[in-house]
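Asker: whatever this is, show me its structure:
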Amino acid sequence: MDKYAIEKLFGIEGFNVAWYGVIIAFGMLLGVILAIKTAKQRGYKADLIIDFILIALPISIICARTYYVIFEWSSYSNNPLKIFAVWEGGIAIFGGVIGGFIIAILFAKINKLPFWELTDILTPSLILGQAIGRWGNFVNQEAFGNLITDPSFQFFPFGVYIDNL
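Answerer: Below is the predicted model of the structure:
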C-alpha cells in the first residue's frame, strides 16, 4: 500500500489534504480559542490574541522550516531551491517555538504588556496544540519511541503498531 494513501484525507485534482495537516490545524484552532478565553478572563480583548496569532503563526512556520533545513542541510546543500518545497514536508516544532517566543517578546514590548502575563495566556494553548499535533505524528506513523520488547506493554496506549519502520 502507498504510504501517502494512509495519510491522505482527500484530494482534488492533485491538491491533497493529509490527516496530519488537518489535525495540526485543529490543534491550532483549539489553541487560539483557549488563548482568547484565557485572555478575556484576565481582562484583555480577544483582538490581542488575534493580532498576536496573525504575526506569530507565519513567522513560527518559517522558523520551523528554517530549523528543519538547518538540521537536514545535507538534503538541501546540493539543491537549495528545495528549501522552498514545503509540500514535500519538513518542519520542526522546536523552530516554531523559538520563533513564537521571539515574537512574544517583541509583541509584549511593542504592546506594552508584561511578557510573563502574555506567556501565561499563551502557554496552555501551545501545550494543547502540541498534544493534539502528536496525533498527527501517530497518523503519519512517525516520531515514535523505541521498540517495546516486553509483551506485557505491547498494547495501546503503551505501544502502537507501526507499518513501516
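Asker: residue contacts, Leu34?
Answerer: By Cβ atoms under 8 Å, 6 or more residues apart in numbering, the residues touching Leu34 are 124-125, 128. Placement of C-beta: from N, CA and C, glycine included.
Asker: state the helix or strand in which Phe26 lies.
Answerer: When secondary structure is defined by DSSP states H and E, Phe26 falls within helix 19-41.
Asker: now that helix: mean pLDDT?
Answerer: Here helix 19-41 scores 92 as its mean pLDDT.
Asker: all strands for the protein, in order.
Answerer: Along the chain, counting by DSSP state E, strands occupy 8-12, 15-18.
Asker: of the ones you listed, which shows the lowest average pLDDT?
Answerer: strand 8-12 (a mean of 65).
Asker: if we can go back for a sec, now the helix holding Phe26: how far from the chain's centre is it?
Answerer: The chain centre lies 11 Å from the centre of helix 19-41; the measure is Cα atoms, centre = their mean, to the nearest Å.
Asker: in that helix, what's buried?
Answerer: Within helix 19-41, the residues scored as buried using 16 or more other Cβ atoms under 10 Å are 19-20, 23-24, 27-28, 31-32, 34-36, 38-39.
Asker: out of the contacts of Leu34, the closest to Ile70 would be?
Answerer: Ser125 (26.1 Å; Cβ to Cβ).
Asker: just checking, the closest one touches Ala35?
Answerer: Yes: the pair Ser125 and Ala35 passes the contact test of Cβ atoms under 8 Å, sitting 4.3 Å apart.
Asker: residue ranges in the protein under the pLDDT threshold?
Answerer: Residues of the chain meeting the criterion pLDDT under 70: 1-14, 163-165.
Asker: show me where it has helices.
Answerer: 3-7, 19-41, 46-71, 93-110, 115-140 (DSSP state H).
Asker: check which helices and strands the last one sits against.
Answerer: In terms of contacts (3 or more Cβ pairs under 8 Å, 6 or more residues apart in numbering; DSSP states H and E), helix 115-140 is packed against helix 3-7, helix 19-41, helix 46-71, helix 93-110.
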